[in-house]
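Q: this one's structure only:
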């Protein structure tokens with residue numbers, strides 16, 4: 001072990017094991033806190049740990065606490081420099097194998113869960129003042145990762161190597177002023193979310209990847225403020241202000257307002273305590289469209305966490321990109337649809353032996369036009385392509401919120417036993433009812449190339465898009481169907497021929513040592529009305545095996 005601890009400005013992305021352990025510690029203390037989101041600097045994570053009464057924790061929670069503290073204090077031995085400024089790195093190798101028997105059934109252990117064959121985070125840090133990091137990886141392209149006949153994460157062909165790295169990088173600086181107050185600034189690209197979620201947050205999930213963020217956070221005692229600018233694609237910026245409050249020790253409330261703008265970067269949207277809707281930004285651009293806001297998407301998210309008793313929490317999330325007053329909805333000339341999303345869940349730990357049983361239940365709902373605005377260019381979606389490989393001419397789309405997308409209602413339950421740092425076994429069941437706009441289906445039949453940002457084609461894009469307006473009244477949308485725009489405005493989730501998905505997965509992990517781990521996950525999926533085709537049934541089995549080794 002090095003004599004130098006990690007920099008407190010190191011950033012931990014959403015989905016990292018540290019957040020699982022931090023959740024375990026806070027819930028065992030019988031309270032709530034600003035811990036159910038990511039990314040987060042080690043300074044802020046340490047701030048949360050210092051609030052905990054260590055002596056009151058259960059044996060399993062103590063192990064989780066110690067595991068985080070050990071990570072913070074441990075420094076890789078690949079180090080150059082001195083006690084003030086140094087370059088450092090950590091080498092990780094992951095060998096994975098996959099098998100699935102049905103091509104038309106999506107992977108459960110998908111490209112978001114698959115690990116790179118080689119990962120080397122290269123960092124430059126200056127004590128606790130700043131840290132900068134870039135993940136050097138050897139991994140497959142997205143096209144290879146989703147192929148049915150892909151059996152390993154090792155790139156076995158020249159065009160299988162993903163040359164688009166780095167996918168994760170950051171620069172972070174900050175300062176802890178007192179034991180209760182600190183500030184951090186993080187610029188980079190990494191997994192982010194609005195709340196810890198089983199299926200992917202309906203507000204913002206880690207399944208939305210590749211966006212570049214500049215984020216300023218201030219945290220003090222029972223208050224947290226964040227200002228963030230996120231670039232989805234060229235000429236597509238989202239501006240966000242967020243306020244979180246602890247209402248005693250049992251309730252945590254967070255409110256967020258965002259504005260996605262299809263235009264060049266604008267400083268006015270960064271004004272602190274801004275109310276974006278009051279700026280009426282939809283009036284400021286030349287490409288106004290009848291029946292829908294032009295070039296902008298207002299977005300509001302609310303979250304409430306409640307810790308009723310020790311080792312339990314309840315949470316609810318509301319997200320909205322469009323609200324119609326009754327007089328607007330009843331106007332025969334106004335076809336603007338509502339865009340609401342809801343999510344609620346409960347998470348419970350029951351200490352037993354050296355570990356704890358873990359129960360997690362969550363339900364999610366999205367309106368048919370959630371995340372969808374009058375053009376895909378100002379809808380809550382990001383697109384990207386592979387640089388090479390078998391699918392380099394295709395583009396991938398990811399919703400800002402739940403990967404289930406719009407027009408979906410469903411739930412997921414996970415039951416397991418976890419011995420922090422040693423082993424775990426979890427059984428997961430998922431059910432969802434998917435309408436004809438669910439997932440990424442609204443993009444599947446597009447005959448125009450909106451990703452090229454050719455604004456001369458904006459009118460054609462607007463006319464053919466699924467969003468209802470008088471301009472595309474009665475025209476075929478991307479599902480191949482035509483309907484009156486006013487009828488489309490009133491679609492209910494799930495609409496059309498409903499696809500029903502049932503999925504069961506069993507995941508087992510074993511940490512042989514602090515640097516060597518093993519994972520196996522078999523899964524079975526049964527889909528009725530697959531692809532929203534009446535009577536079409538698909539069923540598939542898959543298995544994934546992963547062996548990981550870290551070198552310090």
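A: Yes, it's here. Predicted model only: the values in this text are computed from it and were never measured.

Q: going forward, measure contacts between C-alpha atoms and count neighbours the same way
A: Noted.

Q: what ranges of this structure fall below the confidence cut-off?
A: Counting by pLDDT under 70, the chain contains low-confidence ranges at 1-4, 76-77, 286-293, 391-394, 445-463, 476-479, 552.

Q: in it, which spans are helices?
A: Ranges of helices in the chain, per DSSP state H, are 17-28, 42-49, 59-73, 142-145, 326-329, 458-464, 485-489.

Q: redo those as CSV? Include mean neighbour count and distance to residue 436.
A: Putting these into CSV (neighbours: other CA atoms under 10 Å; distance: least, CA to CA, whole Å) gives the following:
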stretch, mean neighbour count, distance to residue 436
helix 17-28, 22, 34
helix 42-49, 20, 42
helix 59-73, 18, 43
helix 142-145, 22, 24
helix 326-329, 12, 22
helix 458-464, 18, 16
helix 485-489, 20, 12
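
Q: need the ones you listed in CSV with distance to residue 524, can you?
A: Formatted as CSV, the helices of the chain follow (distance: least, CA to CA, whole Å):
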stretch, distance to residue 524
helix 17-28, 25
helix 42-49, 37
helix 59-73, 31
helix 142-145, 19
helix 326-329, 42
helix 458-464, 37
helix 485-489, 35
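
Q: can you tell which of those helices is closest to residue 216?
A: Closest to residue 216 of the helices of the chain, according to CA to CA: helix 42-49, at 12.8 Å.

Q: contact partners of the closest one?
A: Contacts to helix 42-49, defined as CA atoms under 8 Å, 6 or more residues apart in numbering, come from residues 7-12, 22, 33, 35, 65, 69, 72, 176, 179-180, 182.

Q: and the angle for it with helix 17-28?
A: Angle of helix 42-49 versus helix 17-28, following axes from the mean of the first three to the mean of the last three CA atoms, to 10 degrees, is 20 degrees.

Q: how far is helix 42-49 from where the chain is centred?
A: Its chain's average C-alpha position is 22 Å from that of helix 42-49, according to CA atoms, centre = their mean, to the nearest Å.

Q: which residue, other than its chain neighbours, is closest to residue 407?
A: Leaving aside its sequence neighbours, residue 407 sits nearest to residue 368 (CA to CA, 6 or more residues apart in numbering; 3.8 Å).

Q: isn't that neighbour up against residue 494?
A: Yes - using CA atoms under 8 Å, residue 368 is in contact with residue 494, at 7.1 Å.

Q: list residues touching both of the two?
A: With CA under 8 Å, 6+ apart as the test, residue 368 and residue 494 both reach 407-408, 435.

Q: so how far is residue 205 from residue 120?
A: 25 Å (CA to CA, to the nearest Å).

Q: what about these two, which has more around it?
A: Higher neighbour count among residue 120 and residue 205: residue 205, with 26 against 19, using other CA atoms under 10 Å.

Q: what's the more buried one in contact with, if anything?
A: 192-195, 400-403.

Q: 10 Å instead, please
A: For residue 205, the contacting residues are 14-15, 37-38, 191-197, 199, 399-403, by CA atoms under 10 Å, 6 or more residues apart in numbering.

Q: one more: residue 89?
A: The contact partners of residue 89, by CA under 10 Å, 6+ apart, come to 75-80, 120-124, 133-135, 551-552.

Q: so what's it bridging to?
A: residue 78, residue 122 (DSSP bridges).

Q: distance check, it against residue 185.
A: Residue 89 sits 22 Å away from residue 185, going by CA to CA.

Q: between the shared contacts of residue 368 and residue 494, which has the most around it?
A: Neighbour counts for the shared contacts of residue 368 and residue 494, by other CA under 10 Å, peak at residue 408, which reaches 29 neighbours.

Q: was I right about that residue contacting residue 366?
A: Yes - counting by CA atoms under 10 Å, residue 408 does reach residue 366; the two are 5.5 Å apart.
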